[in-house]
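In: show me the folded form of this:
(one chain, ligands or ions: 2)
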Amino acid sequence: MPVLTIVGALWGDEGKGKVTDAVNEEADLIVKTNGGANAGTTYVVGDKQVILHLLPSGVLRKKRSLLAQNIVMRPELLCKELEEFNWDVDLGIDPRLHVTLPYHLALDYAREKAADIKAKGDNKTSGGAIGTTLSGIGPTYEQQKSRAGIRFCDLCGDETKLKAKVKSNYEYVKGIISQLGLEMVMPDRKIIEGKYIIEDVPLTLEQCEELAVESGKKLKKYMADVSSEVYDAVKAGKKVVLQGAQGTLLDIAFGNYPKVTSSDVRAPAVYTAVGIPAFPMKVVGIVKAYPTKVGSGPVVTCLDCQKWPVDESVSDPVAKLIRGRGKEFGATTGRARRVGWPDMVVLKYSQQLNGFTDIALTRFDLLCDINPLKVCTAYEIDGKTTDKYPGWDLDALARAKPVYTEIEGFPDISNVRKYEDLPSGAKKFVELIEKTTGAPVSIISVGPERNQTIFRDFKAFE
Ligand code: IMO
Ligand code: MG
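Out: Ligands and ions are numbered 1, 2, ... in the order given. Predicted structure coming up:
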C-alpha cells in the first residue's frame, strides 16, 4: 500500500515523532494532516533533540513535506522554524489551509481565563477551562466553520483585502473579549523556577496586520495544491506518509468532548483532511505504554488525582516515577502531564474508530521495575461491568471504576532488540494489546534513540 497513516491512539504525546521518523526513511512524501502549534513533536537525530511544532517531520530527512488544508498554521511560528533550517526545505502549503493570527490566541486565552474566573466564583477548584495549549486552535477552526477565516491563499494574496479581513476579525474578537470583561491580550508563557507562568501582553490591530502581510510575503513561495499533489503521488505509486497530530481521545467528535482539541484526529478523517479519495492505507496506531493527559478531562485509570493542573505533592508514587522517567511535561507548554495505568477499554475504542492495521508500542522501557503492572480491562459503572468506552459521557467516565488485571513486572529492556528476547511479563503485555485490538504490535520502542526499536516483520508500504 502506498499510503501509511500515523495516528495517536490515546490523548496525544504518544511518541508519534519517533515512529514517523522511522517510516519517513522509505517515504517520498510526508504530509501533516491536522492540528497546529498545539502539537510539539520531539525527534532525536544523532545526539540532537529537535522539537517541531508546525513543519512536517519529513524536513529532517530532506524529503518533500506538505501541510494539508486541515492544518491551522501560525505564520510567524512557521517562519521561525524555517529560519532554523535556513529556509532550505522542500515544503508545500495548501492554499485552503487556515491561518492562526494573534487575535485567535487572545480569544483562546480569554475564554480559558473566563472559565477559571467563573469556577472560582462558583467555589470550584477546577471548572470549565479545557486547559488548552493557548495556541488559538479552537478560535481558528471556529472561524473556518463560520466562513470568516483567513486562508493561506488570502495571506499571500492582495494586501488591501488581507488587511480588511484582519481588521474585521480583530474587531470581532475584541468584541467577544470585552463582553467577557477582559482585555485584548496575548498569553506569554514562561517557566520561572520550575513554575508555569503566563503574562499578559497587549495586542494591537497594527501588530496583527503587519504580521499577516510580512509572513504572507515570506511564505508565498511554498504554496502548493496538496490535495492534487498527494493524489498524483499515490496514482504514481509513490510512498506517502500522512502524519497525524494529537490523539484519538482528543478528536473533536469522538474524543472526550468538550475536553478535546478542535480537529478531526482519527485515521478515516485524513481523507477529508488532505482531500483525497479513500485509497487503501496502512494505519499505524501509536500506543504509549502508559497513558498521559495534558489539560482537564477524564482519565479513568489516572494515578494522579483527576484534578488539573497536577498537584505533585498528592501524586501516586508510580505516577511520579513514570513522569520523572518519561519527562512527561508538555513540549509546547511545559505543564506536567497526568499519568495512568494502561487502559484496554480506551484502546479498544480507539481501534474501533481508527481500524489500526499495526500498533507501535512506545516508551515501553519506562514501565520496567514496576511490579506488578496493573492493566485495566473493564470499567465498573453504576454496578455494571463493561468494556465499552462511553467516550461522549463525561459524567459516566467520572463515575467509572477501573477493573484491573495484574501482569508480572519486568527488568530493564532498553537493550533488547529482538521480540524473542523480551521478558515474559513484557510479552504478556504485548499479547494483551494484540488481543484487545486484533492488530499486530509490529513496532516496539524501548528507548529514545533511532536504534532502540524492535521491528517485527514490519513492512511500511507493503
Ligand atoms: P501532540 O501532537 C497532548 C490537548 C490540550 C487540551 C486540549 C485542547 O503533541 O500529541 P487545544 O490547544 O488543542 O485547543 O487544547 O487538547 N492537546 C494535546 N495534548 N498532545 C497534543 O498534541 C495536544 N494537542 C492538544 O492539552 O487539553
Ligand atoms: Mg505533544
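
In: going forward, measure contacts and count neighbours with C-alpha atoms only.
Out: Will do.

In: can you list the residues of the chain near ligand 1?
Out: Residues of the chain found near ligand 1 (C-alpha under 6 Å from any ligand atom) are 11-13, 38-41, 130-135, 137-138, 245-247, 250, 260-261, 294-296.

In: give me the mean pLDDT for stretch 161-175.
Out: Regarding stretch 161-175, the rounded mean pLDDT is 98.

In: try stretch 304-318
Out: Averaging pLDDT along stretch 304-318 gives 76.

In: can you check stretch 38-54 too?
Out: For stretch 38-54, the per-residue pLDDT averages 85.

In: grab the nearest non-local neighbour of residue 57.
Out: residue 21 (6.6 Å; C-alpha to C-alpha, 6 or more residues apart in numbering).

In: now residue 13
Out: Nearest one to residue 13, counting by C-alpha to C-alpha, 6+ apart, is residue 246 at 7.0 Å.

In: buried residues in the helix or strand hosting residue 322?
Out: If you go by DSSP states H and E, residue 322 is part of helix 317-326. Buried residues in helix 317-326, counted by 16 or more other C-alpha atoms under 10 Å: 318, 319, 320, 321, 322, 323.

In: the third one against residue 311, yeah?
Out: No. Using C-alpha atoms under 8 Å, residue 320 is not in contact with residue 311; the gap is 10.7 Å.

In: and the residue of the stretch 151-300 of the chain closest to ligand 2?
Out: residue 246 (7.1 Å; C-alpha to the ion).

In: picking up where we left off before, heading C-terminal from the helix holding residue 322, find the next helix or strand.
Out: Counting by DSSP H and E, the element after helix 317-326 in chain order, helix or strand, is strand 338-339.

In: what is the distance between the helix or strand hosting residue 347 and the centre of its chain?
Out: Following DSSP H and E, the helix or strand that holds residue 347 is helix 344-354. Offset of helix 344-354 from its chain centre (C-alpha atoms, centre = their mean, to the nearest Å): 17 Å.

In: in it, which residues are buried?
Out: Buried residues in helix 344-354, counted by 16+ other C-alpha under 10 Å: 344, 345, 346, 347, 348, 349, 350, 351, 354.

In: again, but for stretch 361-381
Out: Within stretch 361-381, the residues that qualify as buried are 361-368, 370, 373-380, counting by 16+ other C-alpha under 10 Å.

In: filter the residues you listed down to the ones in strands?
Out: With strands taken from DSSP state E, the overlap with those comprises 361, 362, 373, 374, 375, 376, 377, 378, 379, 380.

In: which of the residues you listed lies closest to residue 60?
Out: residue 362 (20.5 Å; C-alpha to C-alpha).

In: now the closest one: how far from ligand 1?
Out: Here the criterion is C-alpha to the nearest ligand atom, to the nearest Å. By it, residue 362 lies 13 Å from ligand 1.

In: run through the residues that contact residue 350.
Out: Listed by C-alpha atoms under 8 Å, 6 or more residues apart in numbering, the contact set of residue 350 reads 9, 10, 248, 249.

In: cutoff 10 Å now
Out: Applying C-alpha atoms under 10 Å, 6 or more residues apart in numbering, we find residue 350 in contact with 7-10, 247-249, 254-255, 266, 285, 287, 344, 356, 389, 437.

In: now the buried members of those residues.
Out: Neighbour-count burial (16+ other C-alpha under 10 Å) applied to the contacts of residue 350 gives 7-10, 247-249, 254-255, 266, 285, 287, 344, 356, 389, 437.

In: host element of the residue nearest to the spatial centre of the chain?
Out: Centroid check for the chain by C-alpha atoms, centre = their mean gives residue 246 as the closest residue, at 1.8 Å. Using DSSP H and E, residue 246 sits in no helix or strand.

In: residues contacting it?
Out: Residue 246 neighbours (C-alpha under 10 Å, 6+ apart): 7-14, 16, 34-36, 38-41, 260-261, 263-266.

In: state the mean pLDDT of stretch 2-16.
Out: Averaging pLDDT along stretch 2-16 yields 96.

In: same question for stretch 241-254.
Out: What stretch 241-254 shows for mean pLDDT is 98.

In: flag the shaky bits of this structure, pLDDT-wise.
Out: Applying pLDDT under 70 to the chain flags residues 121-127, 194, 306, 314, 331-333.

In: so what are the domain limits for it?
Out: 3-94+225-455, 98-222 (automatic domain parsing).

In: could you single out the most deeply buried of those domains?
Out: Of all the domains of the chain, domain 3-94+225-455 has the most neighbours on average by mean count of other C-alpha atoms under 10 Å, namely a mean of 20.

In: of all the buried residues of helix 344-354, which comes closest to residue 402?
Out: Proximity of these to residue 402 was ranked by C-alpha to C-alpha; the top entry is residue 345 with 9.3 Å.

In: the closest one against residue 436, yeah?
Out: Yes. Counting by C-alpha atoms under 10 Å, residue 345 does reach residue 436; the two are 8.4 Å apart.
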